[in-house]
Structure formats: structure tokens, C-alpha cells
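Student: What shape does this take:
(4 chains)
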2 protein chains.
Amino acid sequence: MARRTADGSPTMATVAAEAGVSRATVSRAFSQPHRLRPETVERIREIAGRLGYAVNPAAKALSTGRSGTLALMVPDVANPFFPPMIKAVERRADQAGYAVFLGHTDESPAREDLLLNRFAQQVDGFVIASSRLTEAAIRAHAERSPAVLVNRDVAGIPRVLIDTTRGVTQAVEHLAALGHRRIAYLPGPSRSWSNSERRRTVKRAGVRAGLSVTMLPGRRSSYESGRQAVPAILATGVTAVIAFDDLLAHGVLTGLAERGVVVPLDFSVVGCDDVLAAQTHPSLTTVSSRAAEAGAAAVELLANRLGDGGTAADDRLLLDTSLVVRASTAAAPVC
Amino acid sequence: MARRTADGSPTMATVAAEAGVSRATVSRAFSQPHRLRPETVERIREIAGRLGYAVNPAAKALSTGRSGTLALMVPDVANPFFPPMIKAVERRADQAGYAVFLGHTDESPAREDLLLNRFAQQVDGFVIASSRLTEAAIRAHAERSPAVLVNRDVAGIPRVLIDTTRGVTQAVEHLAALGHRRIAYLPGPSRSWSNSERRRTVKRAGVRAGLSVTMLPGRRSSYESGRQAVPAILATGVTAVIAFDDLLAHGVLTGLAERGVVVPLDFSVVGCDDVLAAQTHPSLTTVSSRAAEAGAAAVELLANRLGDGGTAADDRLLLDTSLVVRASTAAAPVC
DNA sequence: GTGAAAGCGCTAACAC
DNA sequence: GTGTTAGCGCTTTCAC
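Tutor: This next block holds a predicted model:
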């Protein structure tokens, strides 16, 4: 009579007894089958299957010190930029044998910090997307648990960056070519690395193209924020705006329409991330994004690092982008 | 010299030694502080904090048989209906002391089944949202692990249902009042309970209002699906359509515009779930949804069930809805 | 109120 | 190739 666990489910001992082998052999049949005679493995697996046996993850984790889990931290699940990334991370992690915890930080550095601490005990590693933490805080966490960053550039910590330099530069040049002389940038979350990058790129490319570039005050990334930013945008006297992302751009489109400003005849709008496809009216000129790829790559990096016992390589993967021209941009109005 | 774990982090023994008590006492200081002298608790906690001690979740799980984790299963993270629910589940679970795994089934019953099996070992319970599984399959899983369903009505399994009967009925009556005599329903995923409900409601309310109701072929819930459904919709000769959800309705809006059909003058469109707010053009008349509340309630039910050792009550929570009239519906065209 | 000791189910040397 | 034997770090009777 082999012992079973309290809730009745079989344990290794149950299988071992049934198969007439030791528990170690059963263990090996699952974790290192190559070290066993093939027929033994097969027999044990057959019995295990018949008995409905499954490895107890907690026991395995306690024994090995590895949980087989990852945590993915994102600022806002509801922002359409993230779901494709979440999907990709989950899928890739699954393939690598990891289950993933989702940590929703709600754009709050404090909550991000809290969750990072809480999860540190129960996961093998982190994928931290669009962190709102300071570099020092990120460093501190990365020192304690393996982590890879997405869209955050901290030297020494593996990271995958969606590099919008090219796409945004193309956007500025596109507007310049259309005859716009005065443009504005509508920023997103102030602690966002992507935002700093885009802001800098717009500035630099604008200067190079001989444009006057106005920097508007920062905003939370949302449709409503974009809509509310419209008066400020119009007050600057520009003829085109590049928004931090599509959500903001979409709101701007609506706000403009509400004031009778016709896009793209009277005004041009450019978004970023291409998360709305052609779903806006008019369809949005934007910069392509690669959120899903970024997520998959991040897991890849993390899995390698966890597997090989940590390569010391300073991984820094860049994903390039480009402008997608649709219907929200056109020649500057003649006035 | 109290032992520390391999990676250097302190263990209960470390704290116990430092405090001059037994490991059992340290354990109690965290899990049942009321059974200890207050000053003891405080001293132990102080030392633990100073040493950077944290309970090892795997050891605790192995010992207690409970992992302190939940899994949330959703068909599609990228569908805007789910993120608010995910957020709410995560938040509520966090408050109840649970971390949540996210399971993305990709609308595939097979994958849902697979993930349910895989997670069964490592979580204390499931929140299964909009399951695409058969009733039998759901029953089988619920028998092995505590589960609560969202938007799936299986007797005997705790469930929270967003009841769109009222909202959809109001939508039909709204259209009837506007003079529409022939309407259509554009269905969503065939295995969706919500879809069956809405379909049934449209049919019933339509008959009662003396309308002719056409049932179109089912579709995956997406913007593109909606757009592609337009020819079929127009072919039916109806003057209004009620779509399974806002995503489909949004696509229909675009498809209609592409064919020069003006909404709401020539045609009326109603969505469901209110996930796009007023972000469409024209803004969408829709049925309110309560995804976040549903998610929170589901966790609540699950946590109670896990806590009290399982109330046998056949929980069935209904969340009511109502019509939100915006600009995509108007009087039927006179022809 | 606190301690001693026996596990929880699995893995990983180390033998044979 | 397979078995023996210690633990992994925590909880939990049962004593005192």
C-alpha cells in the first residue's frame, strides 16, 4: 500500500511502489529520463499516467530552489500596447516550461516596487515592461532576482528596446516634406523611457529639418488625455502634432473634430505604436511597434540566463521601427 | 551561526537563532501571531525585518498544501472586454493574499483544457472567464479544483453572470421605437454563453415588438470580422443591426462607411459591452457591461470558498445591464 | 506561551 | 542503471 497525499492524489511513492522501483527512479523518469533504461521510463510513465500522478510543483520548487515561474510586470493591462506583449510572453514562457504571474502596477512606481518585492520570493525571474521605477530601484531589484527589461535602458541589465528613433524621425521628415513648419510633441508618462526617447527624437529631427518644435506638457496615456490636450495644442499655433502613442493621438483626433478642425486638411496628427490599426477616423498615421516580438525576446533572454546559469553578456536587443502613413497627415494648410 | 539558505537569504532558523527562540515560534509570529505574546511577535518581526527574512512560499506551500495562488483563464487578453476584468481580478486577489497566474486560451477549447490541467497542480483555485469548454469538461475540472465561472452558467458551479437580457431588450425596443421593422443580430463566438444569451434575447424581444429578426452567421469577435460582415448585413435588407459586442459593431461602422452607408441616417448600429466608450465615429449606442465588477466578484466567491472550506451554496450572481444610447442609432430611413 | 519533532513530496549526491 | 539517504524551509500536533 503506497502512501497517497492527504487529498487522495498519488505521490511518487505511490508510483514507485506500483512500479516496484525506488522513488528516485520515478523522479528520474520525469526529470532526467536519459539516465534511465528506456523501458523503465516508459513503464513508470505509463503507471503514473494510469494513476493520475503529477509532480507536485511546491515540493519540486522547495527541493530545487526553482519554481518554474516568471512574473511579467506591466504598467497598465488596459493599454492596448500591452496585451499583444502579454500574449507573446505567456506563449513563449509556456514553451520554455514556465508559468507566468501577471503584475499590474497601475503606473505607480510604489506599487511596482511592492509587487517586485512580493514576487521576488516566488518566481525564478522577471520581465519588467516599461518600468516606472528609477534606475537605482531597478538595479536593486535586478541584483536580487534575474530580470530582463523591456523598453527601459539600464546598462548591465539585459533589455530589449523598441527603438522608435527611426520611425519617429521618419514621421518628422514626413511632416516637413508635407510643408509643415511648426509641429508639437504631445508627451506620455514622464517616467517612461519610450517617452523620453520619442521626445528627444522629435526635437532633434525637428531641428535638423528646420522645424519649430513645441513640447507640450506631459500626460497619462489615454484617449481622454488626448482629447483634453486639444485646446493646448491649438493654442501653440502648430499645424501638426506627434503624440506619444496612438491612444493619445486618437483622443486628439476626436478633440479636433469636436472643434471643427478637419484632419488632415486643417491639421495633421501622428501617433505611435500602431495599436489601433486603421480603426480611427481618419485612419492614423503612426509608427510601427513590435510589442509582441519584444515580449517574446525578453522571455528568450531570461530563459537563457536562467538556464545557462547566467551569461554575463550585457544583452541589449534593439527592435527597429518605421513610419506607417495613413490618412491623418497631409500637406500643411496654406494660411 | 544560524543556517542560511544556499543563495544567502535567511531562513526561519536564522531568525530563530538571532531571537533566541525556536523555529516554531518564528513560524507562529507570522502565521498565528495571536497565539504568541505580543512582545515576542514584535521582537521576532523586528529581527526578521532587519535580516531581510521572508517566508519561502514553496516551503509553505509544500507544508500546508496551499500555494496562495489563483489562475485566471481568459480567451483573449487583447479583447478590450478582458483587461478591466484582469485588472480587477488581480487587485482583488492581491487584497485576499493571492497572486494570480494568467492563462490565455486563445479562444481554443483544447488549449483551455491543457492550461487548466497544467495549472491544477499549482494553484488553489480558478477564475474561468468566458469558457469555451463544453459543460461536461467544465464540470470535470471544477470537480478537481475549486473554480468559479464568469459568463458561463453551469448549475452547481459558482458563477457570476453579466446578464445582458435587460440591456439587449432595451436595445431592441429602442430600435422598434425608432421605427425599425427589420433588424439583424450579428453573433460572436459560437461557444460563448454571452452570445447565446444575446441571440436569444434579440429574437425574443424582436418577436414581442413585432419585428422581423434575421440571424446572421457567427463570427470571431474582432474589428475585422465586423467589417467583413457588412455585405452580408446589407444583403438582408434590414435597417439596423445589433452586434454581439462593440468590437464587431465598430467594424460594421467602418464597413458601412466604406460603402457610403451613412450611420445613423441610413442605418442603425448597436454594440454591446461598452468597451469603446465614445471612441467610435459616430459614437456607438451599446449595452453597458460590468467586466471589472464581475472579476472582483468572482475572486470574492472563490476566496470565500477557499477560506471557509467550501460553502455548498450554489452561488449564482447576476449583474444587470442597460442600454447606453449614443449616436449610432436613429429613426429608420423612410424608403 | 513556547519548544521538540515529525513530516509535506521531491531532488541530488553518493553508493552499489 | 538504480537504490539509499539526506535534506529543501516551513507547519503543526503534542508536550511541557
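Student: near DNA strand D at all, stretch A:53-72?
Tutor: Yes: if you take CB under 7 Å from any atom of the strand as the test, stretch A:53-72 does meet DNA strand D, through A:59, A:62-63, A:65. Any C-beta I mention is one placed from the backbone N, CA and C, and that applies to glycine too.
Student: Would you indicate which residues of that stretch are buried?
Tutor: Residues of stretch A:53-72 classed as buried: A:53-62, A:67-72 (neighbour count, 16 or more other CB atoms under 10 Å in any protein chain shown).
Student: what's the answer for stretch A:34-44, then?
Tutor: Buried positions in stretch A:34-44, judged by neighbour count with 16+ other CB under 10 Å: A:36, A:40-41, A:43-44.
Student: what's the most distant pair in those?
Tutor: A:36 and A:43 (10.0 Å; CB to CB).
Student: before we move on, back to that, filter the buried residues of stretch A:53-72 down to just the ones in strands.
Tutor: A:69-72 (DSSP state E).
Student: Let's have the residues you listed in JSON lines, adding distance to residue A:236.
Tutor: Shown next, in JSON lines, are those (distance: CB to CB, whole Å):
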{"residue": "A:69", "distance to residue A:236": "48"}
{"residue": "A:70", "distance to residue A:236": "44"}
{"residue": "A:71", "distance to residue A:236": "42"}
{"residue": "A:72", "distance to residue A:236": "38"}
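Student: Out of the residues you listed, which two sit at the greatest distance?
Tutor: For these, and using CB to CB, no pair is farther apart than A:69 and A:72, which are 10.5 Å apart.
Student: shared neighbours, these two?
Tutor: A:100-101 (CB atoms under 8 Å, 6 or more residues apart in numbering or on different chains).
Student: what's in contact with stretch A:41-48?
Tutor: The list of residues contacting stretch A:41-48 from outside it, by CB under 8 Å, 6+ apart, reads A:10, A:15, A:18-19, A:21, A:25-26, A:29-30, A:33, A:53.
Student: mind redoing it with 6 Å?
Tutor: With contact meaning CB atoms under 6 Å, 6 or more residues apart in numbering or on different chains, stretch A:41-48 is reached by A:15, A:18-19, A:26, A:29, A:33.
Student: Just the buried residues out of those residues, in ChimeraX syntax.
Tutor: A single ChimeraX command selects the buried members of these (16+ other CB under 10 Å):
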select /A:15,18,19,26,29
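Student: So residue A:29, which state does it fall into?
Tutor: Under the three-state scheme (DSSP: H, G, I helix; E, B strand; the rest coil), residue A:29 adopts helix.
Student: Do a quick rundown of the strands in chain A.
Tutor: Assigned by DSSP E, the strands in chain A fall at A:69-74, A:99-104, A:125-129, A:147-150, A:159-163, A:182-186, A:212-215, A:240-243, A:268-270, A:286-287, A:316-320, A:323-324.
Student: Counting by contacts, list what the fifth one packs against.
Tutor: Right, strand A:159-163. When contacts are defined as 3 or more CB pairs under 6 Å, 6 or more residues apart in numbering or on different chains; DSSP states H and E, strand A:159-163 sits against helix A:291-307, strand A:316-320.
Student: do the second one as well
Tutor: Taking 3+ CB pairs under 6 Å, 6+ apart as the contact definition, the neighbouring helices and strands of strand A:99-104 are strand A:69-74, strand B:99-104.
Student: Show me how far it is from its chain's centre.
Tutor: In terms of CA atoms, centre = their mean, to the nearest Å, the centre of strand A:99-104 is found 12 Å from the chain centre.
Student: so who does residue A:77 touch?
Tutor: Neighbour list for residue A:77: A:104, B:83, B:86-87 [criterion: CB under 6 Å, 6+ apart].
Student: For it, give its distance to residue B:319.
Tutor: Distance, residue A:77 to residue B:319, by CB to CB, to the nearest Å: 21 Å.
Student: Residue A:111 now?
Tutor: From residue A:111 to residue B:319 the distance is 27 Å (CB to CB).
Student: ok, and of the buried residues of stretch A:34-44, which contact DNA strand D?
Tutor: Contacts with DNA strand D within the buried residues of stretch A:34-44, counted by CB under 7 Å from any atom of the strand: A:36, A:40.
Student: Within range of chain B, give me the residues from chain A.
Tutor: Counting by CB under 6 Å from any CB of the partner chain, chain A comes close to chain B at A:54, A:57-59, A:61-62, A:77-78, A:83, A:86-87, A:90, A:99, A:101-102, A:104, A:121-122, A:223, A:279, A:281.
Student: Let's see which of those residues end up in helices.
Tutor: Among the residues of chain A next to chain B, DSSP state H puts A:57-59, A:61-62, A:83, A:86-87, A:90, A:223 in helices.
Student: Now render these as a markdown table, adding pLDDT.
Tutor: Listed next are these as a markdown table, based on pLDDT from 0 to 100:
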| residue | pLDDT |
| --- | --- |
| A:57 | 97 |
| A:58 | 97 |
| A:59 | 97 |
| A:61 | 97 |
| A:62 | 96 |
| A:83 | 97 |
| A:86 | 97 |
| A:87 | 96 |
| A:90 | 96 |
| A:223 | 95 |
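Student: Relative to residue B:294, which of those residues is nearest.
Tutor: When those are ranked by distance to residue B:294 (CB to CB), residue A:83 comes first, at 18.5 Å.
Student: who in the stretch 1-150 of chain A is up against DNA strand C?
Tutor: A:3, A:5-6, A:11-13, A:23-24, A:27, A:30-31, A:53, A:55-56, A:59-60, A:62-64.
Student: Which single residue in the stretch 201-335 of chain A comes nearest to chain B?
Tutor: The minimum distance from the stretch 201-335 of chain A to chain B, using CB to the nearest CB, falls at residue A:281 (4.0 Å).
Student: wait, isn't that residue in contact with residue B:280?
Tutor: No: using CB atoms under 6 Å, residue A:281 is not in contact with residue B:280; the gap is 8.0 Å.
Student: Spell out which residues make up each domain of chain A.
Tutor: A:12-64, A:69-162+A:291-320, A:164-288 (automatic domain parsing).
Student: Would you convert these into CSV that also reports distance to residue B:242?
Tutor: Listed next are the domains of chain A as CSV, based on distance: least, CB to CB, whole Å:
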stretch, distance to residue B:242
domain A:12-64, 45
domain A:69-162+A:291-320, 25
domain A:164-288, 20
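Student: Residue B:144 is nearest to which of the ones you listed?
Tutor: In terms of CB to CB, the element of the domains of chain A nearest to residue B:144 is domain A:12-64, at 9.6 Å.
Student: How many residues are close by the one residue in the stretch 101-250 of chain A that gets nearest to DNA strand D?
Tutor: Nearest to DNA strand D in the stretch 101-250 of chain A, going by CB to the nearest atom of the strand, is residue A:121, at a distance of 9.0 Å. Number of residues near residue A:121 (other CB atoms under 10 Å in any protein chain shown) recorded here: 15.
Student: measure residue A:53 to DNA strand D for me?
Tutor: Plainly put, residue A:53 is 16 Å away from DNA strand D if you go by CB to the nearest atom of the strand, to the nearest Å.
Student: Identify the residues contacting that residue.
Tutor: By CB under 6 Å, 6+ apart, the neighbours of residue A:53 are A:10, A:15.
Student: For chain A, give me the ranges with low pLDDT.
Tutor: Counting by pLDDT under 70, chain A contains low-confidence ranges at A:1-3, A:6, A:308-312, A:335.
Student: Which positions in it make contact with DNA strand D?
Tutor: With CB under 7 Å from any atom of the strand as the criterion, chain A meets DNA strand D at residues A:20-25, A:28, A:35-37, A:40, A:59, A:62-63, A:65.
Student: which one of those residues is nearest residue B:197?
Tutor: Nearest to residue B:197 among these is residue A:59, at 43.2 Å by CB to CB.
Student: now the closest one, nearest residue through space, not along the chain?
Tutor: Closest residue to residue A:59 apart from its sequence neighbours, by CB to CB, 6 or more residues apart in numbering or on different chains: residue B:62 at 5.1 Å.
Student: where's that neighbour relative to residue B:22, distance?
Tutor: Distance from residue B:62 to residue B:22, counting by CB to CB: 20 Å.
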